[in-house]
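[1] A structural model of the following input is requested.
(2 chains)
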Amino acid sequence: MEYNHKDIETRWQQYWRDNNTYKCIERPDRKKFYVLDMFPYPSGAGLHVGHPLGYIASDIYARYKRQQGFNVLHPMGYDAYGLPAEQYAIQTGQHPEKTTNDNIARYRSQLDKIGFSFDWSREVRTCDPEYYRWTQWAFMQMFDHYYDLDADKALPVAHLVDHFSQHGTEGIRPAGSEELSFSADDWNAWDEKKQREILMNYRIAYQGESMVNWCPALGTVLANDEVSEGLSVRGGHPVEQKVMTQWILRVSAYAQRLLDDLSLVDWSDSLKETQRNWIGRSEGAEMRFAVKDSDIELEIFTTRADTVFGVTFMVLAPESEYVAQVTTPEQKEAVATYLDEVRHKTERERQIDKKVSGVFTGSYAINPLSGKEIPIYVSDYVLAGYGTGAIMAVPAHDSRDYAFARHFNLPVIPLIEGADVSEESFDAKEGVMTNSAGPELNLNGLQVKEAIARAKEFIERKGIGRVKVNYRLRDAIFSRQRYWGEPFPVYYKDDTPYLLDESQLPLHLPEVQSYLPTADGQPPLGNVADWKTPEGYRLELCTMPGFAGSSAYYLRYMDPHNDKALVSPEANAYWQDVDLYVGGAEHATGHLIYSRFWNKFLYDLGLVVRPEPFKKLVNQGMIQGRTSFVYRIKDTNTFVSHGLRKDYDTTPIRVDISLVHNDILDTEAFRRWRPDFADAEFILEDGRYICGYAVEKMSKSMFNVVNPDDIVERYGADTLRLYEMFLGPVEQSKPWDTNGIDGVNRFLRKLVALFSKCDQADRRDMTPEERKIVHKLIKKVTQDIENFSFNTSVAAFMIAVNDLSALKSDSTVALETITRLIAPFAPHLAEEFWHQLGHDGSVADAEWPQWDESALTEATVKYPVSFNGKVRFVIEAPADADRDAVSEQALADPAAAKWLDGKTPKKVIVVPGKIVNIVI
RNA sequence: GCCCGAAUGGCGGAAUCGGUAGACGCGUCGGUCUCAAACACCGAUGGAGCAAUCCGUGCCGGUUCGACCCCGGCUUCGGGUACCA
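    You can find the predicted model right below:
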């Protein structure tokens, strides 16, 4: 049999389509297994070889589970809303829906060629109205619920209204943007507009004024995870801070549960750590400092309550409302000038410019423990959005306070014995306290930890503050001033937002004349004249952000065509949660936080059965490009081979990697590549032109993009799949490098050759030698797949095939077993073998073989070692092997004789599984 | 700065529980086939040495009969994050 990959692969892909091989239905008689890939954003560039890495790994796992008898859900879809399609629409005038659909078609054809076992009947697209109606629906639920801190879950806003009308804010603890206090009489006296304004303070999806990341170039606000180092993640445009009224999700209410429930999931430690850092829990105390000659009190947050005796000044964030209250008339102008200066700096400028700046407000506060007067400053090193927007400064033990104190010549009081604060602050939370005695509290001589506890206890007892937990995690800004996203199911009456009725969903995204903002700066939907409810109320002009549609898509796959619910209780009860989720680590602080939040909210409403959506998660590494270089000798058209370039003055030039194979340049193709190079001359080494290389991001401009279609065309999908796995651990980032692909292809051809030899008429059982090879392979491959170690399982296949070839094995039983094992890796070739062996159904349903330990039981002495008069042999033997036989065999081994040196052993100790101790 | 991770031949990587370091593949060298090349196949391939043997998993030290693996201290390179009080 020839290995004609094109013929085999097109034939079996057609067979899978014709037979709906990968269509999946709920089957209560079978255990479920849900394998999910993070769905792609269909970009215009198409797939490169990096994208399928995770898909291949998850496909192998899904196929393996199916062969083990699980009912496997393995869907795929598209995260179709997003900024690039809209930016492209602005440039070209093409409707984003059209370009998105074109890109999806291209992705689909590329994916199909690789032989994935996706159930395409469950495909979802976030821009499909039948999909986004459930995104809109979820938003409505969040609008209609608040977070109850006593119940520790989301409850209907109707409960809150009931309570307010009977008891006011007394006896209920809703999570709110501000702490409000009013009576039932107050509440009942307010009109509807005012009541709805109050409720907005509590809704989980609420509208609020907030400091946002505004990106002028994109014309929209961005979430914290969409900004990195002061630049937008998409496009790299500068981002500035601005106060705007926006829709916001109260993610912060779930901070503690998002933190705690990390213990329920099987994710890598580093990913959990990233999430913990992003949530940023810190335990401390909130304290009030009285302002001298005034009844104003400044509230601050600190994790170092032990350092209050070292507070020598206080600092307010420029945006803090305290600033206006404490600024004295004499300082008013100076403060105003400073605030103006700060306001004109972008976030990025603030980050780059770390110069100390600030201004004195003219007021003093009273240190509540020492009774000393301390000046109050304003500075932009204090953030408005964290804690209370005001700090107590302890220059001796905080480097930022230290820098500020040195700049403004403020006193530095060291509080820890032996700490030298003449050059820098002592930030570590360790040591013995000193200088910390006041009229009512003495911390001297205590360890820092004890001192913190003692100080907190004192503060609480004296009523000057309370113990408080703060989180870095902020509420998620949910409005985007863009066109290509889900419309909000919201209209405005009397300038107050109201929800549409559920029966009005989906609210379709309308056509627009222009994708640009309106002349008066409204979002693009402002261009739509009849963007109104049937009653004539104006609809919300913003659309939802990218993460809206991607937060609950894993639930929709469970029941994708349901027009009554996001997911039916029956489908959710069956599929429960994602057993294996595979995707990039770049989503650690965005998607994976939002999805967990969204799921927990639906869990609170009793709509889903699991508190966590993704049980096990694997982050696949990135595949980088491997750029090839040629070296042109300066001012000539002569190119010198990599190894000889030191002898010349050369300029490296990137060359298209399709002209290079195993680092050897096809010089003829190179001359044809560009007119400039048509008459290029080459200085060769060993008769060849060797290119240099560098590892860079895969990108068109570097000429290093490898399209999987080209690999499939040349070597076949099975080779591509095996090769991507063989490259190294799935989790690891690595450069794409075709240098080893021939070896994998050679292995498949060897397997075909071996298969061709097997004698189907005579299905004799395997010889013990063959059995050992095959059962070793079953064990190895099974364990490797469970451990997500695919590179070593590919190696195991190569060893087994080499060993069987060396034996000139023609056992059909052996080959049939290998066919079952290799089916997840090379499904096309396995399908071909399976049918040639006379089976009717797909190899995807072939039972996964079990290994027989007894086939592997022959004990072998691996090596001897000696210590303390003992000789220990390491024996490769099964756990249940006969101990006497194993020790006898060890003693009979020639290696043993050398160590025993003619002596008779006193005692032989056999450790089951592996080790034999022989005491001489 | 802080947090996390990594470092093994010419290269990608193995060693899954502390037990013969370098599996498997690439590359290189030698051979068979061929007029020749390509393909294929066979053999060798960490370093030094004719050899016995010695050395060898980023560096320094420790624990252990035994360390790529565990502990302490560094170096370098990735990734995340950053005036978070």
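[2] so which residues make contact with the strand or helix carrying residue A:774?
    Assigned by DSSP states H and E, residue A:774 falls within helix A:768-786. The list of residues contacting helix A:768-786 from outside it, by C-beta atoms under 8 Å, 6 or more residues apart in numbering, reads A:60-61, A:64, A:766, A:790, A:792-793, A:796-797, A:799-800, A:803-804, A:807, A:809, A:811, A:814, A:817-818, A:821, A:824, A:848-852, A:855-856, A:858. Heads up, the C-betas are built off the backbone N, CA and C, glycines and all.
[3] what of stretch A:286-299?
    Contacts to stretch A:286-299, defined as C-beta under 8 Å, 6+ apart, come from residues A:300-302, A:305, A:308, A:314, A:316, A:322, A:325-326, A:363-368, A:373, A:376, A:387-388, A:390, A:392, A:459, A:464-466, A:468.
[4] contacts with RNA strand B among those, please.
    Among the contacts of stretch A:286-299, the ones lying near RNA strand B by C-beta under 7 Å from any atom of the strand are A:301, A:302, A:387, A:392.
[5] the stretch 651-800 of chain A: helices as residue ranges?
    Per DSSP state H, counting those that start in this stretch, the stretch 651-800 of chain A carries helices over the ranges A:667-673, A:708-715, A:717-726, A:741-757, A:768-786, A:790-806.
[6] so what secondary structure elements neighbour the third one?
    Where contact means 3 or more C-beta pairs under 8 Å, 6 or more residues apart in numbering; DSSP states H and E, helix A:717-726 is packed against helix A:5-19, helix A:52-67, helix A:708-715, helix A:741-757, helix A:790-806, helix A:827-836.
[7] mind putting those helices into CSV with distance to residue A:632 and mean pLDDT?
    Below are these laid out as CSV (distance: least, C-beta to C-beta, whole Å; pLDDT from 0 to 100):
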stretch, distance to residue A:632, mean pLDDT
helix A:5-19, 38, 96
helix A:52-67, 34, 96
helix A:708-715, 27, 91
helix A:741-757, 29, 91
helix A:790-806, 38, 93
helix A:827-836, 43, 96
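[8] quick one: which of those helices is nearest RNA strand B?
    Of all those, it is helix A:741-757 that lies closest to RNA strand B, at 2.3 Å by C-beta to the nearest atom of the strand.
[9] quick one: terminal-to-terminal distance for stretch A:251-271?
    By C-alpha to C-alpha, to the nearest Å, the extent of stretch A:251-271 from end to end equals 19 Å.
[10] got the buried residues for it?
    Under the neighbour-count criterion of 16 or more other C-beta atoms under 10 Å, stretch A:251-271 has A:251, A:252, A:253, A:254, A:255, A:257, A:258, A:259, A:262, A:265, A:267, A:271 buried.
[11] check stretch A:774-788 too.
    Across stretch A:774-788, burial judged by 16+ other C-beta under 10 Å covers A:774, A:775, A:776, A:777, A:778, A:779, A:780, A:781, A:782, A:784, A:785, A:788.
[12] need the residues of the stretch 451-600 of chain A near RNA strand B, please.
    Applying C-beta under 7 Å from any atom of the strand, one finds that the stretch 451-600 of chain A approaches RNA strand B through A:470, A:472, A:585, A:586, A:588, A:589.
[13] what secondary structure does the fourth one sit in?
    Residue A:586 carries the three-state label helix when classified by DSSP: H, G, I helix; E, B strand; the rest coil.
[14] that one: neighbouring residues, count only.
    Residues within reach of residue A:586, counting by other C-beta atoms under 10 Å, total 13.
[15] again with the one 10 residues further on
    Using other C-beta under 10 Å, residue A:596 is surrounded by 23 other residues.
[16] so what's it up against?
    If you count contacts by C-beta under 8 Å, 6+ apart, residue A:596 has them with A:258, A:261, A:612, A:613, A:614.
[17] just give me the closest of those residues to RNA strand B.
    Using C-beta to the nearest atom of the strand, the contacts of residue A:596 come closest to RNA strand B at residue A:258, 15.5 Å.
[18] check which helices and strands the host helix or strand of that closest one sits against.
    Using DSSP H and E, residue A:258 sits in helix A:255-260. When contacts are defined as 3+ C-beta pairs under 8 Å, 6+ apart, helix A:255-260 sits against helix A:269-279, helix A:591-604.
[19] then the last one to CSV, C-alphas only?
    Taking Å, rounded to 0.1, in the frame of the first residue of the first chain, the C-alpha atoms of helix A:591-604 are listed here in CSV:
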residue,chain,number,x,y,z
HIS,A,591,-12.0,36.1,29.7
LEU,A,592,-11.3,33.6,32.5
ILE,A,593,-12.3,36.1,35.2
TYR,A,594,-15.4,37.3,33.3
SER,A,595,-16.6,33.8,32.5
ARG,A,596,-16.2,32.6,36.1
PHE,A,597,-18.1,35.7,37.3
TRP,A,598,-20.9,35.2,34.7
ASN,A,599,-21.2,31.5,35.6
LYS,A,600,-21.4,32.3,39.3
PHE,A,601,-24.1,34.8,38.7
LEU,A,602,-26.2,32.3,36.7
TYR,A,603,-25.4,29.7,39.4
ASP,A,604,-26.8,32.1,42.1
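[20] contact partners of stretch A:607-616?
    Residues contacting stretch A:607-616 (C-beta under 8 Å, 6+ apart): A:36, A:257, A:261, A:264-267, A:554-555, A:566-567, A:569, A:572-573, A:576-581, A:592, A:595-596, A:599-600, A:602-603.
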